[in-house]
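Trainee: Here is the input, now give the coordinates:
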Amino acid sequence: SFVLPESMDVIAEKFTQALTENQTSAMTEIKAQRKDGKILSAELNARIIEVGERKAILATVTDITERKQAEEFREALLAEKNEHNKYLQETNLQLERAYDNLEWEKTEREKLNEELEDKNIELEQVIYVTSHDLRSPMVNIGGFGRELEMSTADLKKIVHDEQVPPQIRDKILSIVNIDIAESLDFIQSSVLKMDNLLNGLLQVSRAGRMTPDFEELDMNGLMYEARNSFEHVIRERVIKLNITDLPSCIGDQDQINQVFSNLLGNALKYLDPNRVGIINISGFKDEDQVVYCFEDNGIGIPEEHKERVFQMFHRIDLEVASGDGLGLTIIRKILNKHHGKIWLESEYGVGSKFFIALPDAANIKYMNKAYSAEK
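Mentor: Numbering: from 1, shown residues only. Take a look at the predicted model:
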């Protein structure tokens, strides 16, 4: 091996310093190259000795290549460790900030949920009070309309008296039979619509305020009862209604009966009159809940209506079927009380699928405890 030129300068400087300062030894690290070209790290230790009147240098060279490599590896590990520590510190700081943000968002969301719940309660109270307050004048309008109808009947008898001139009789009868009759029909039909609307609003209010009485429900029996209430329509329109074996679930029997009756009624109402109506009702277990599906080949729901069908008073097609636009709103309120949900899939002109998720019967104890805790 031979010492690399840059190390020769270091050796010369060290020995010159040692001799100048009368030191007895010197040590330095150098680089050397072997015959095979490999570079070595070496430690040069030298002692200055006197030989007669002359000074001599006694030097030993130790190969420290492995030690230097170990030191470099250690330094690299320390540098990497420092980088990791720095990264972990930055990551922890980011996580702390993210956690703080999540806590703030959670708090804000809880506040918003409380405010929304208060607004819902307030809205239900307004609906309830308004429905009752409007019912009295509506009853009066209907009652006075019937009074007016009876009075016109009496008036008809009077004008047929021979003492009434024919010209006057004809004019009065024209007013009674045409103008007043049309007005009375309009009044009575409007009263009927208002009565249906107020009944619907009261159902919306009750759905939000009712306390479910949870029990295991025999959905096959419940669906049988719901089907019987529409038996006349099903037979008259020759509708194919297929109901598979339905798994049981947890719920309030009266409220869930209302949900299933409303959905079956909607499916019947919006069938396509130009083809044989088919309705399939099925159910399956999905982890800790049961999912029921009402599938029909009706008119379907246009894309722009899918997000709004559960909104209060929203109607899809006034020409196809009558209604107040409250049925799905009531269903969703009832299901919210049951820790359930409703969603749909539909293709306009092909048909619709309405899905209902309710807790599985195995969770009845949990449901009663959970609802008691919420109250």
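Trainee: quick one, helices of this protein?
Mentor: Ranges of helices in the chain, per DSSP state H, are 5-20, 65-159, 166-174, 181-209, 219-228, 231-236, 253-269, 327-337, 364-374.
Trainee: same for the shortest one, what does it pack against?
Mentor: To tie it back to what came earlier, the one meant is helix 231-236. Using 3 or more C-beta pairs under 8 Å, 6 or more residues apart in numbering; DSSP states H and E, no helix or strand is in contact with helix 231-236. C-betas here are computed from N, CA, C, even on glycine.
Trainee: May I see the buried residues of that helix?
Mentor: Neighbour counts using 16 or more other C-beta atoms under 10 Å place Ile234 of helix 231-236 among the buried residues.
Trainee: Show me the contact partners of it.
Mentor: Arg227, Ile239, Leu241, Leu268 (C-beta atoms under 8 Å, 6 or more residues apart in numbering).
Trainee: May I have the beta-bridge partners of the third one?
Mentor: Pointing back at Leu241 there. Residues in a beta bridge with Leu241, per DSSP bridges, are Ile279.
Trainee: Tell me who's in contact with it.
Mentor: Listed by C-beta under 8 Å, 6+ apart, the contact partners of Leu241 are Arg227, Ile234, Ile279, Ile281.
Trainee: The third one is in contact with Tyr270, isn't it?
Mentor: Looking back up the chat, that one is Ile279. No. Contact criterion C-beta atoms under 8 Å: Ile279 and Tyr270 do not qualify, at 10.6 Å.
Trainee: Neighbour count: these two, which is higher?
Mentor: Ile279 (23 against 20; other C-beta atoms under 10 Å).
Trainee: which residues does the more buried one contact?
Mentor: Counting by C-beta under 8 Å, 6+ apart, Ile279 touches Ile239, Lys240, Leu241, Asn242, Leu264, Ala267, Leu268, Leu271, Phe294, Glu295, Asp296.
Trainee: Using ChimeraX, define a selection of the buried residues within these.
Mentor: To isolate the buried members of the contacts of Ile279 in ChimeraX, using 16+ other C-beta under 10 Å:
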select :239,241,264,267,268,271,294,295,296
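Trainee: if we take the contacts of Ile279, which one ends up nearest to Thr20?
Mentor: The closest of the contacts of Ile279 to Thr20 turns out to be Glu295 (C-beta to C-beta; 103.1 Å).
Trainee: and that closest one, what are its bridge partners?
Mentor: Taking DSSP bridges, one obtains Asn280, Lys353 as the residues bridged to Glu295.
Trainee: can you start the count at 3 instead of 1 from here on
Mentor: With the count now opening at 3, the last piece we talked about shows up as Glu297.
Trainee: just checking, Gly329 touches Ala269?
Mentor: No. Gly329 is beyond contact range of Ala269, at 11.4 Å (criterion: C-beta under 8 Å).
Trainee: looking at the helices of the chain, which is closest to Ile50?
Mentor: Nearest of the helices of the chain to Ile50, taken as C-beta to C-beta: helix 7-22 at 6.2 Å.
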